[in-house]
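> Attaching a predicted model along with its sequence, questions to come.
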Amino acid sequence: MLNNIVITDEERKLFLSWTALDEDLAEVEPDLAEAVLRSRLDFARGDLSRTDYWHDPEGIDVFEDVPYVDDGTRAHRLDLYLPHDSVVRGGKTTPVYIDIHGGGFVYAYKELNRNFCTNLAKLGFAVFSVNYRPAPETDFLGQLEDVAAAFRWIRIHRHEYPIDQNNVFLTGDSAGGTLALYMTAIERSGKFAKAMGVGQSGLTVAGSAFVSPLADLTPYLALCEPGTRKTIEESKETSIVEHIAPTFFAKLHAKKQS
């Protein structure tokens, strides 16, 4: 079915710079694979109009593709954007943001948010931009575990950079906002972290700014109930998050039920 979806060579070359397309879908159930690929293409073609405005402002030092898990996986890398004057000054005072990109849980890597992150750094912040595995490579808890692993790397290595050693602020948009919301709760509550089965990093989250997150997952968890799976035709009319929900949120639903 994926062979029926047209992707030009130009699109493939360009889109792969900031998202997965079909390279992780070979073993995925055909209807789900088609829905994910169509969604990724819709997102990417929509984002294409923004690329003419993407630029790195002057005065930003970039540390890119740093592995936070040493497994050679693209999804387990992060970037750090630093104001150059903070590097020159040294010290440990530059405030820190950690950004988690969005994309309906299926789309994009950190490169999609590079323009946002570099311009945030231009305002005087150190900005870590974090990758995580897109669905259907993993589920919601797997994405949280990826982000938590990135947080642990930042805690362990933060002394190597001229940044605040005590506090971080979280931000994320759309699906990234949801992950940032859950990570805020995990980092601030040992009880919640234990319930989610995701270890705390030891970072102190001083504040969070969420952009259009899915703050209420209840409608999607309901789709994990037996007998709620939509037919193929019905699924074509739903959002990609609804489409992936029965498997993507299954473990989270089970934790809620237990």
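Sure, I can see it.
> Residue 112 and residue 249: what is the separation?
23 Å (C-beta to C-beta, to the nearest Å). Backbone N, C-alpha and C define where each C-beta goes, glycine included.
> swap that for residue 87, please
42 Å.
> How about residue 161?
For residue 161, the distance to residue 249 - C-beta to C-beta - is 35 Å.
> Settle it for me: which of the two has more neighbours?
residue 249 (23 against 20; other C-beta atoms under 10 Å).
> who's in contact with the more buried one?
When contacts are counted by C-beta atoms under 8 Å, 6 or more residues apart in numbering, residue 249 is found next to 139-140, 217, 220-221, 223-224.
> now residue 135
Counting by C-beta under 8 Å, 6+ apart, the residues that residue 135 touches are 36, 105-106, 143, 244, 248.
> Out of those, the closest to residue 165 would be?
Nearest to residue 165, judged by C-beta to C-beta, of the contacts of residue 135 is residue 143 at 26.9 Å.
> So for stretch 76-88, first residue to last residue, what's the gap.
Stretch 76-88 stretches 29 Å from its first residue to its last (C-alpha to C-alpha, to the nearest Å).
> ok so, going back, out of the contacts of residue 135, who's the most crowded?
residue 105 (30 neighbours).
> Find me whatever residue is spatially closest to the residue of the chain positioned farthest from its centre, sequence neighbours aside.
Distance to the chain centre peaks in the chain at residue 89, reaching 31.3 Å (criterion: C-alpha atoms, centre = their mean). Counting by C-beta to C-beta, 6 or more residues apart in numbering, residue 162 is the residue found nearest to residue 89 once chain neighbours are left out, at 6.8 Å.
> what do you get for residue 250?
residue 224 (5.3 Å).
> show me the contacts for that neighbour.
245-246, 249-250, 253.
> between those residues, which is nearest residue 62?
Out of the contacts of residue 224, the member with the shortest distance to residue 62 (by C-beta to C-beta) is residue 249, at 34.9 Å.
> Give me the phi and psi angles of that closest one.
phi -100, psi 10 (degrees, to the nearest 10).
> Please apply the same query to residue 201.
phi -90, psi -20.
> cool, residue 18 as well?
Torsion angles, degrees, to the nearest 10, at residue 18: phi -140, psi 0.
> And for the nearest residue to it once chain neighbours are set aside, the neighbour number?
With sequence-adjacent residues excluded and distances taken as C-beta to C-beta, 6+ apart, residue 18 is closest to residue 111, at 4.0 Å. Residue 111: 20 surrounding residues under other C-beta under 10 Å.
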